[in-house]
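Engineer: return atomic coordinates for the entry below.
(one chain, ligands or ions: 1)
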Amino acid sequence: MKIERFMTEAGDNTRIDGFPIRLRPVKSADRDQLFAWRNDPWLISFSTSGKTVEKQDHADWFGSVLNESDCVLYIILTERDTPSGAIRFDRLNDSSAMTSVFLSREYTGKGYGELALRDGCQMVFQEWQIKEISGVIKNQNTASISAFLKAGFSSMPADSSTPPEHSLFVLNRTFGHRFD
Ligand SMILES: CC(C)(COP(=O)(O)OP(=O)(O)OC[C@H]1O[C@@H](n2cnc3c(N)ncnc32)[C@H](O)[C@@H]1OP(=O)(O)O)[C@@H](O)C(=O)NCCC(=O)NCCS
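Structural biologist: Residues are numbered from 1 along each chain as shown. Modelled structure (predicted):
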């Protein structure tokens, strides 16, 4: 995971209601917190798989994320630098990446998701010369759809990789910022 150099580019100056959010690169010590979030029944209800994972499978996945240059994972720090969720980017090819984001339930509804998407996409566009970042969201997940739209994503027709009952949202590199 090659992320150190853009840690300070955008992650420490976003504020809402007086609170900053900050994105920090994931570290080994986050493994158990991520495992707890991964198996949180409320969060699972929004996931595409809808399944829990075993601890060993999570550990294997986490180890690969730490070593994978085509995946970046940030912990979302909110009030008093509290770890409140995570945002992930997977590079799909030379021109595109996929994102997914979640917050622990008590930190939802405060606009943090939109801010994490804005900051995270900006950081990833600076690091990777990709043209677009996409997100796939369950059709009934209105909170997520709203957060993605507020962060500048546009609704696009589903493509062959969009799961049933999901919608596709895309943010282009040129949206609102210069990323170069
Ligand atoms: C999706 C998610 C990251 C959005 O982040 P967020 O910070 O909650 O987003 P916002 O605060 O901008 O809320 C988005 C909308 O949902 C509503 N909402 C979200 N959480 C809410 C809550 N707990 N109570 C009431 N309304 C809520 C907001 O009022 C807002 O509506 P509006 O845009 O019409 O004003 C977050 O809600 C989340 O983690 N949800 C569970 C996991 C998930 O769905 N992940 C995305 C999978 S694609």
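
Engineer: which strands and helices sit next to the lengthiest helix in the chain?
Structural biologist: The longest helix of the chain (DSSP state H) is helix 112-127. When contacts are defined as 3 or more CB pairs under 8 Å, 6 or more residues apart in numbering; DSSP states H and E, helix 112-127 sits against helix 7-10, strand 14-16, strand 19-25, strand 71-77, strand 83-91, strand 96-103, strand 132-138, helix 142-150. C-betas here are computed from N, CA, C, even on glycine.

Engineer: in JSON lines: those, plus mean pLDDT.
Structural biologist: Below are the helices and strands packed on helix 112-127 laid out as JSON lines (pLDDT from 0 to 100):
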{"stretch": "helix 7-10", "mean pLDDT": "40"}
{"stretch": "strand 14-16", "mean pLDDT": "50"}
{"stretch": "strand 19-25", "mean pLDDT": "88"}
{"stretch": "strand 71-77", "mean pLDDT": "97"}
{"stretch": "strand 83-91", "mean pLDDT": "97"}
{"stretch": "strand 96-103", "mean pLDDT": "98"}
{"stretch": "strand 132-138", "mean pLDDT": "97"}
{"stretch": "helix 142-150", "mean pLDDT": "97"}
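
Engineer: let me know which of these is tucked in deepest.
Structural biologist: Among these, ranked by average contacts under mean count of other CB atoms under 10 Å, first place goes to strand 71-77 (a mean of 23).

Engineer: got the angle between that strand and strand 19-25?
Structural biologist: 150 degrees (axes from the mean of the first three to the mean of the last three CA atoms, to 10 degrees).

Engineer: do you know which of the helices and strands packed on helix 112-127 lies nearest Trp42?
Structural biologist: With CB to CB as the measure, strand 96-103 is the member of those nearest Trp42 (9.8 Å).

Engineer: cool, thanks, signing off.
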